[in-house]
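In: what follows is a predicted structure for the sequence shown.
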Amino acid sequence: MPAARGRRSSVVTSYAESPSSDDETDVTTRPAKRARTGDSSDDDDDDDVSFSGARKAKKKAKKPAKKSRAKPKGTDRFTPLPLDPLLEILRHVDAVSLIHLRETSRTLYRLLSGPDGAPIWSHALAEEGLPVLKAGLLTPWQYAEIALWKRCTNCTGTQFIPDFYVLRRYCRVCRKGTLFRLDHLKKNYPDAHPCTKLCVLASHCKFYVCCHAFRDDFETLDEHLWSLQAQDDADSSLRPSGSRTITRKTTTKRSPDEPLPGSRVAKFVKERQRAKEFVEQDAKVAQSHRSVAGVRI
């Protein structure tokens, strides 16, 4: 056994590098492998950097927020309910309570102000015995606010004047700041469309001798009428000259404030005046209702 071990060791030592031979490959040192080891170490460094960067990126990633286990309070209890049960619950609420509920949360505000809330308001208004408005210029919740909410709809003050002729419930201060006299139209709006006065709703409040109108209503109608007038003028400019001559011959004498028959302005004015007639009829009935003149909320 010792002799065999000696031969094995001599075989191992015979592979050592010879100082006189430069072309022989050194098996023990293996320089090529060390070169690859050096390159792989650089790659490993790059891999370490990329891996550390990935770990940092993973650390920066935010975890999804945990759902709060706190029980909802107040009107927030309505939020997780499905739509159909919620609508059924609101059908049993009176109109005054619906007005207050609408201002308590975003969910109820959107629901009661949208199309899904219209049947709820109509049912509540019918329970109050309020008449149905023919004009159709108010949504059901707006009608409920004007008729039942005993506050100014502009500043929420406790002093108010319900005026169904202009479809507003304003206090004296808000009315004074937003109304203007229609007999002073040229002074307030010198460049107004001549048909705007025929379309705007006029207040018949007993506290005023002459008729008044709200500035925002008048300005909105005036802008719309001028846009319709521009479309009518554009259409008339595109017509042949012969057709314009025939139209001038067949038309009768009319006031300069009256629109051209068959034009967009004429159609809008006719529809608006019809709505004004319904508003005046509704106002006479609604203003005398017991709920409108009742105790303040």
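Out: Right, received. Where do you want to start?
In: so which residues make contact with the helix or strand containing L98?
Out: L98 is part of helix 95-102, with elements assigned from DSSP states H and E. Applying C-beta atoms under 8 Å, 6 or more residues apart in numbering, the contact partners of helix 95-102 are 75, 90, 93, 108-109, 112-113, 120-121, 124-125, 127-128, 141, 144-145, 148-149, 297. All C-beta atoms are positioned from the backbone trio N, CA, C, and that covers glycine.
In: let's see it at 7 Å
Out: Residues outside helix 95-102 that contact it (C-beta atoms under 7 Å, 6 or more residues apart in numbering): 75, 90, 93, 108-109, 112-113, 120-121, 124-125, 128, 141, 144-145, 148-149, 297.
In: give the next helix or strand downstream of that helix.
Out: Criterion used, DSSP H and E; the element after helix 95-102 is helix 106-113.
In: what's the helix or strand just after that next one packed up against?
Out: Following helix 106-113 in sequence order, the next helix or strand is helix 118-128 (DSSP H and E). Applying 3 or more C-beta pairs under 7 Å, 6 or more residues apart in numbering; DSSP states H and E, one finds that helix 118-128 makes contact with helix 95-102, helix 140-148.
In: ok and helix 118-128 relative to helix 106-113, angle-wise?
Out: 70 degrees (axes from the mean of the first three to the mean of the last three C-alpha atoms, to 10 degrees).
In: list the buried ones in helix 118-128?
Out: Buried residues in helix 118-128, counted by 16 or more other C-beta atoms under 10 Å: 120-121, 123-125, 128.
In: please identify the helix or strand for Q231.
Out: helix 215-238.
In: return the set of buried residues in that helix.
Out: With burial defined by 16+ other C-beta under 10 Å, the residues of helix 215-238 counted as buried are 217-218, 221-222, 224-225, 228-229, 232.
In: how about low-confidence regions in the stretch 51-200 of the chain?
Out: Within the stretch 51-200 of the chain, the ranges that satisfy pLDDT under 70 run 51-80.
In: and K187, how many neighbours?
Out: 9 (other C-beta atoms under 10 Å).
In: same for the helix or strand containing it, what does it pack against?
Out: Using DSSP H and E, K187 sits in helix 185-188. If contacts are counted by 3+ C-beta pairs under 7 Å, 6+ apart, helix 185-188 sits against no helix or strand.
In: neighbouring contacts of it?
Out: Residues contacting helix 185-188 (C-beta under 7 Å, 6+ apart): 180, 192, 197.
In: just the buried subset of those residues, please.
Out: 192, 197.
In: closest to L167 among the contacts of helix 185-188?
Out: Each of the contacts of helix 185-188 was scored against L167 by C-beta to C-beta, and F180 proved nearest at 17.0 Å.
In: beta-bridge partners for the closest one, please?
Out: A213 (DSSP bridges).
In: thinking it is in contact with R215, fair?
Out: Yes: using C-beta atoms under 7 Å, F180 is in contact with R215, at 5.9 Å.
In: do you know the pLDDT at T37?
Out: Confidence at T37, expressed as pLDDT, is 52.
In: ugh, typo on my part, it should be F268
Out: pLDDT for F268: 95.
In: for my notes, confirm it occurs in a strand.
Out: No: F268 is assigned helix when assessed by DSSP: H, G, I helix; E, B strand; the rest coil, not a strand.
In: mind listing what it touches?
Out: Neighbours of F268 in contact, by C-beta under 7 Å, 6+ apart: 225, 228.
In: residues making contact with stretch 191-206?
Out: Against stretch 191-206 from outside (C-beta under 7 Å, 6+ apart): 161, 163, 165-167, 179, 182, 185, 211-213, 217-218, 221-222, 225-226, 229, 256-257, 259, 265, 269, 272-273, 276, 279.
In: can you flag the buried ones in these?
Out: 161, 163, 165-167, 179, 182, 185, 211-213, 217-218, 221-222, 225, 229, 259, 265, 269, 272, 276, 279.
In: still on that earlier bit, okay, the helices and strands packed on helix 118-128, which one's buried deepest?
Out: helix 140-148 (a mean of 21; mean count of other C-beta atoms under 10 Å).
In: ok, and what's touching that one?
Out: 95-96, 98-99, 102, 112-113, 117-118, 121-122, 124-125, 128, 130, 133, 153, 162, 164, 167, 169, 286, 291-292.
In: what do you get for stretch 224-236?
Out: So stretch 224-236 is contacted by 193, 195-196, 244, 260, 263-265, 268 (C-beta under 7 Å, 6+ apart).
In: for P162, phi and psi?
Out: phi -70, psi 120 (degrees, to the nearest 10).
In: can you name the residues bridging to it?
Out: Assigned bridge partners for P162, using DSSP bridges, are R169.
In: wait, doesn't it sit right on R169?
Out: Yes: if you go by C-beta under 7 Å, P162 and R169 touch, sitting 4.8 Å apart.
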